[in-house]
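>>> Mind folding the following:
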Amino acid sequence: MAISKLACIYSALILQDDEVTVMEDKINALFKTAGVNFEPFWPGLFAKALNNVNIASLIFKVGVGGPAPAAGGASPAEGAVPASTTSPAEEKKKEEAKNEESKESDDDMDFGLFD
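Residues are numbered from 1 along each chain as shown. A predicted model of the protein is given here:
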């Protein structure tokens with residue numbers, strides 16, 4: 001079953017790359033050409049699921065983190081403000097301060113977690 005799903009994903013990416021609409025018959029043709037053994041319902045499910053989806057936008061949003069911006073929202077190229085405005089050095093100092101606080105609290109109780 002996992003191979004069928006993965007093959008559907010790859011087929012959708014191949015079709016998107018060739019600027020071809022993702023349709024059940026196109027996915028079936030790719031499967032037959034590649035010699036993939038699959039459950040016959042997967043191509044239809046993926047074609048219906050991707051019917052009104054812009055696959056290119058999904059590809060570019062992978063790993064962005066957080067919710068997708070609303071339609072008309074500013075993209076990073078349009079001058080959107082990044083989520084974090086602190087420098088890496090400031091982040092490191094904050095992390096070190098937190099580590100020191102946790103060490104001091106363990107010392108106050110005269111035992112540590114791994115003692």
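
>>> going forward, measure contacts between C-alpha atoms and count neighbours the same way
Fine.

>>> how about low-confidence regions in the protein?
Across the chain, the ranges flagged by pLDDT under 70 are 1, 63-88, 99-115.

>>> which residue ranges form the helices in it?
Secondary structure of the chain by DSSP state H: the helices cover 2-17, 24-34, 42-49, 55-61, 88-108.

>>> Mean neighbour count for those - can I get that in CSV?
Listed next are the helices of the chain as CSV, based on neighbours: other Cα atoms under 10 Å:
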stretch, mean neighbour count
helix 2-17, 16
helix 24-34, 15
helix 42-49, 17
helix 55-61, 12
helix 88-108, 11
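
>>> what's the spacing between Met61 and Asn54?
Just to correct that, residue 61 is Lys rather than Met. Here Lys61 is placed at a distance of 11 Å from Asn54 (Cα to Cα, to the nearest Å).

>>> and what of Val62?
For Val62, the distance to Asn54 equals 13 Å [Cα to Cα].
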